[in-house]
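Engineer: Okay, structure incoming, though there's no sequence with it:
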């Protein structure tokens, strides 16, 4: 066997294993996607919260620099604060749902083990 | 011994199959919510990228080793070239540069898939799909019309033709890679944009993910364009830095649309507006990188940069149409979701200024696209090729550029939503006063040309706004937090690097405009001179002393020597040269190139290019250019890069705190 064919063969087999191995792992089902999406949505909410906090800080800074009128400052501040509260509520809600979900899984596992 | 041609071809085929598999499996995996399929598709795209990388290593090995039975190696290297030019020959020709393009795409794809492997799971499968489709297209190009591993049909030559002499320059090592990083980098934002459209998750999440990717691509495009301008200035010998050449335009257009996106994304983040516009900009930036590549590669336009006419034009055209149909189709399908609930409160607000800036940038991109494609379209429609040169582009771009410069100053100084007359007065009184004083000074002392007056006046306006932004911020920190000026400045920037880094970019842009305006005072002469001839241009006196030819195995060089006086005082010496690179193939003519000599100065550059030499009487034909303020362009470019680095700087402190 020539070294060219040997090298190609080895890399071909390695790639084949790497590509198809996820298909043969157990229980890579919809549940994983749901879990991922939940984690994903929590992360997105946290990110939105950070961005809003930063926006509020910038707003204060702009007002102090004299770039915003008091009327606009108050209006915008109220708007961004309301959005932040809404995000914080969503984070709390998702966290409690997640905790409940985990509790249910633990109970189910406990029952199965028993 | 390894057969590089066979191995390269096999890996290209395998890589193409894996990219195709990744595209199909990820799309299905996303639709059917099958994580195992998505993981498999991701691994397939990583493997495909790995094989592309191996192909690049194989071609570099062949170039360095001198495997002249490969057509590409024969065309672009020879045994006398230094090692780094042999490696740089990878992107010196059509097929190799496409492989290089694909390699960068593979790296970007792999890094993007790794970075986002645990986030954005809604978008992730479709990001894979889009990246895999683009990768598959380039692999098809490699396999069929632009195969870098194609062998010569008539055996092996002892030596190769070598790289074009114009490309044997240190810029060749850095300019194409940075430009390609910019071009290819636009694929990742496009992939996220397409993923958002396919999945229907069109909130602000995808925008936040791609801002840094777009900024990275924009950063490299900026560097690439600056290096290209600098290369043209130092090497091509025509005395300028930007000729509105189709290939220069091709790199400039996506830069404009990406600049527009980087501004409009702020409006989506702050006001939840312009969602459709942002998607359009992302699609447009990617399509323009493809269009630019299509123009360069197909041979449809004439340019010093363009590659020879080839079949790949039709492949590119089909892919362009495919991308356009799919992306516009998806955009129309998702339009109801993209409609924004927020509206503009006033025409005098920061969001309006950003929108005007966007319209100007996109308008500029389309004006350039029209000017670049017009000769091709006129030839297609009327059978006559009407060439459009620099006058058209200058006529269109100078007013647009000046408007953009003005908006660079206006935007940051007006508040979101609505500005009151009191605020406008307070924020603009000093910048406007300084700007008016500058325009009066320029008009009375320097020039009556309206564009020159406007440009210097707007530059002063923007400089004042930047100064006030910094000084007010620093004063506020000093007052509220009891900081000293140095600490206040550093913390001001580090607490909001996006805003204050952006101002550094704006400062760079102002300096560049100063440099562009200098071209209004450019003095240019092409002269035939005999030894000891003396000529006076502006404040300078030039004497052609003598010409000295010399030769080695690689090249023949003739250099002309000048003595220069300024206002009667000895000033400098100059030695521009004409070089003839010998071909290593017997019977092939030597390839000429110009080695210009530039005496740089902040006020003006003295530029010498030897155009021809007559050995009989030692007469020369020389171009002498006095280029005022041109150095400001390169200094401005450095500030632009510095500002972008500040904006992109990782927020380590905040991450640690989090």
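Structural biologist: Good, I have the coordinates. Keep in mind it's a predicted model, so treat the numbers as computed, not measured.
Engineer: and residue B:398, what does it touch?
Structural biologist: By Cβ atoms under 8 Å, 6 or more residues apart in numbering or on different chains, the contact set of residue B:398 is residue B:451. C-beta coordinates here come from the backbone N, C-alpha and C atoms, glycine included.
Engineer: To which secondary structure element is it assigned?
Structural biologist: Under the criterion of DSSP states H and E, residue B:398 resides in helix B:390-413.
Engineer: Going by neighbour count, which residues of that helix are buried?
Structural biologist: Buried residues in helix B:390-413, counted by 16 or more other Cβ atoms under 10 Å in any protein chain shown: B:392-393, B:396-398, B:400-413.
Engineer: Contacts only, for residue 61.
Structural biologist: I'll assume chain A. With Cβ under 8 Å, 6+ apart, residue A:61 has these contacts: B:473, B:476, B:496.
Engineer: That was the other one, I meant chain B.
Structural biologist: Taking Cβ under 8 Å, 6+ apart, we find residue B:61 in contact with residue B:4.
Engineer: any idea where the strands of chain B begin and end?
Structural biologist: Under the criterion DSSP state E, chain B contains strands at B:523-529, B:534-537, B:540-551, B:555-566, B:569-574, B:577-581, B:591-595, B:597-599, B:604-614, B:619-628.
Engineer: Kindly provide the distance from residue B:56 to residue B:96.
Structural biologist: Distance of residue B:56 to residue B:96, computed by Cβ to Cβ, to the nearest Å: 9 Å.
Engineer: what do the two both touch?
Structural biologist: Common neighbours of residue B:56 and residue B:96 (Cβ under 8 Å, 6+ apart) are residue B:90.
Engineer: Those two - which one has more neighbours?
Structural biologist: Neighbour totals were compared for residue B:56 and residue B:96, and residue B:96 leads with 23 against 20 (other Cβ atoms under 10 Å in any protein chain shown).
Engineer: Leaving out the residues flanking it, which one is nearest to that one?
Structural biologist: Nearest residue to residue B:96 in three dimensions, chain neighbours excluded: residue B:90, at 4.8 Å (Cβ to Cβ, 6 or more residues apart in numbering or on different chains).
Engineer: Isn't the one you found up against residue B:98?
Structural biologist: No - assessed by Cβ atoms under 8 Å, residue B:90 is found out of contact with residue B:98, at 10.5 Å.
Engineer: which residues do the two both contact?
Structural biologist: Residues touching both residue B:90 and residue B:98 (Cβ under 8 Å, 6+ apart): none.
Engineer: Please list all residues in contact with residue 108.
Structural biologist: Assuming you mean chain A. Counted by Cβ under 8 Å, 6+ apart, residue A:108 has zero contacts.
Engineer: You answered for a different chain; I wanted chain B.
Structural biologist: B:184, B:185, B:187, B:188 are the contacts of residue B:108 under Cβ under 8 Å, 6+ apart.
Engineer: Please, where are all the helices along chain A?
Structural biologist: If DSSP state H is used as the criterion, the helices of chain A fall at A:3-24, A:30-64, A:70-113.
Engineer: Distance of residue B:359 relative to residue B:352?
Structural biologist: Counting by Cβ to Cβ, the gap from residue B:359 to residue B:352 is 11 Å.
Engineer: When these two are compared, which one has more neighbours?
Structural biologist: Neighbours were tallied for residue B:359 and for residue B:352 using other Cβ under 10 Å; the higher tally belongs to residue B:352 (20 against 15).
Engineer: so the more buried one touches residue B:346, yeah?
Structural biologist: Yes - using Cβ under 8 Å, residue B:352 is in contact with residue B:346, at 7.0 Å.
Engineer: so where's the chain shaky on pLDDT?
Structural biologist: Picked chain A for this. For chain A, the stretches flagged by pLDDT under 70 are A:1, A:26-40.
Engineer: Switch to chain B, please.
Structural biologist: For chain B, the ranges with pLDDT under 70 are B:1, B:299, B:301-310, B:341-342, B:345, B:652-658.
Engineer: What are the structural domain limits within it?
Structural biologist: Following automatic domain parsing, chain B resolves into domains at B:1-163, B:395-520+B:640-657, B:522-632.
Engineer: what's stretch B:528-544 in contact with?
Structural biologist: Here stretch B:528-544 has contacts from B:523, B:525, B:527, B:545-547, B:560-568, B:571, B:606, B:617-622, B:624, B:626, using Cβ under 8 Å, 6+ apart.
Engineer: Give the buried subset of those residues as a PyMOL selection command.
Structural biologist: Burial among those is assessed by 16+ other Cβ under 10 Å; the matching PyMOL selection reads:
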select buried, chain B and resi 547+560+561+562+564+565+571+606+618+619+620+621+622+624+626
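Engineer: thinking again about what came up before, what's the most buried one of the domains of chain B?
Structural biologist: Stretch with highest mean neighbour count among those: domain B:1-163 (a mean of 21; mean count of other Cβ atoms under 10 Å in any protein chain shown).
Engineer: what's the offset of that domain from the middle of its chain?
Structural biologist: Distance, stretch centre to chain centre, for domain B:1-163: 23 Å (Cα atoms, centre = their mean, to the nearest Å).
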